[in-house]
Each structure stands twice: as C-alpha cells, then as structure tokens.
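> predicted model and sequence follow; I will ask about them next.
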Amino acid sequence: MTSIRTLHTKQILGNVPYNSSNIYQRNMMLQRYLLQATKQCFTKHYILQSNIKQSYCELRHRYSTKTKERKYTDRHEWVIVENDIGTVGISSYAQESLGDVVFAQLPDPGTVVKEGDECGALESVKAASEIYSPVSGTVTEKNIDVEKKPALINTSCYDKGWLFKLKLTQPDELKELMTEVDYEKFLKTDVDKDH
C-alpha cells in the first residue's frame, strides 16, 4: 500500500525516477516546492494578521465613538466625557481664528465652575479670548504642558492641546450641547452670517 508521504512526494516530483544521475533535479524540485509552500503560508498569515488588526481598529473606533462623543458649545469649546470626567478644549475653528497662541491661563484644580462660567483665557499674537466651561463641575486637572507651551493648542487642539478636566456635577447639561454634525452646521451658518 502506498503511504500518504510517498504519494505526496510523487505528486511533487511527478515521474522523475530515483537514481544517482537525477538526485540534483529531485532536490531542486523539492526545494522549489518547499519554498512555494512557505511563501503561501506566510502570505496567508500576513493577510490574517492584517484582517485581525483592521477589525480591531474598526471595533475600537466604533466603540469609542459611541461612548466618548465630543460635544460643542456655540463659543467653540468642546468637551468629551469618560466616567463623569470631562476633558475640555477649544475647536479647530477657534484656534484658527485666534492664530498662534502665546499664553494660556487655565483654571486650577479645585475650582468650581458652572455651565457658561468664564474660567480662563487664551492670548495669541492677534487676539485674546476667554475660556468658558461647557458644563458644570469641579476642575480636577489642568494641562500644564499647554501653560508651558501654548502652541500645542494650535498643533493638537483635540489631543495634546486640551485645556482642563473636571468632574461633572450636572451630566444632563451635555444634552444641550451640539454634536459634531450639529457643530459643523452651526459653523456654516455662522460663516454665512459674517459674509
């Protein structure tokens, strides 16, 4: 009875007989087959890894979008909330309107603010602007990096350029703020009014 290994070898080598004159030819055919099989294996592994990574990124993005939605005020502040802690910053539109920010005065931890309270200031080479709290709460942290390097507001207003964090006392106030889509519409109508 022919073994599976023998059958497989016959399929690879075809009808090349085994003798001393064609050992080299047989070895070359085997090497070529093994190389091709290895390439196929690596290709399948790479595609699988890519698909897993892509699926993970899509799921993470979908999950984070639902749980941490950025909300906006009509004064161009934004807040994103996670576990009742809101991170506050200014929008890209606001930082572009201000120009190069050269000074940032941020609220100290422990400061109690109400929705709409003035709680800090930003100065640029061409203008100055107050910072208003989008929601009520107690400040838990301010971005010391922004106070040291205010230009972070221009280069990374939604990430490294955040301004302060606060523990929310009135989470329902978030319902009154604009979603990203609403804010984009608001910007269009605001720009149209200026023209």
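Structure's in. What do you need?

> did I read that right, residue 122 in a helix?
No - per DSSP: H, G, I helix; E, B strand; the rest coil, residue 122 lies outside any helix segment and is strand.

> which stretches in the protein count as strands?
With DSSP state E applied, the chain shows strands at 71-72, 77-82, 85-90, 101-105, 112-113, 118-124, 128-132, 137-142, 164-168, listed in chain order.

> what is the burial count for the residue nearest to residue 157 when sequence neighbours are not counted?
Here the nearest residue to residue 157 in space, its sequence neighbours aside, is residue 95; by Cβ to Cβ, 6 or more residues apart in numbering that works out to 4.8 Å. Bear in mind the C-beta positions are built from the backbone N, C-alpha and C, glycine included. Residues near residue 95, counting by other Cβ atoms under 10 Å, number 25.

> show me where pLDDT drops low in this protein?
Applying pLDDT under 70 to the chain picks out residues 1-24, 26, 30, 37-67, 190-195.

> if I pick the closest residue to residue 94 other than its chain neighbours, what's in contact with it?
In this structure, residue 94 finds its nearest non-sequential neighbour in residue 76, 3.7 Å apart by Cβ to Cβ, 6+ apart. Neighbouring residues of residue 76 by Cβ atoms under 8 Å, 6 or more residues apart in numbering: 90-91, 93-94, 97.

> list buried residues within those residues.
90-91, 93-94 (16 or more other Cβ atoms under 10 Å).

> quick one: which of these sit in helices?
Here DSSP state H is the test, and those give 93-94 as lying in helices.

> picking that back up, surely the residue nearest to residue 157 meets residue 162?
No - using Cβ atoms under 8 Å as the test, residue 95 is too far from residue 162 to be in contact (12.0 Å).
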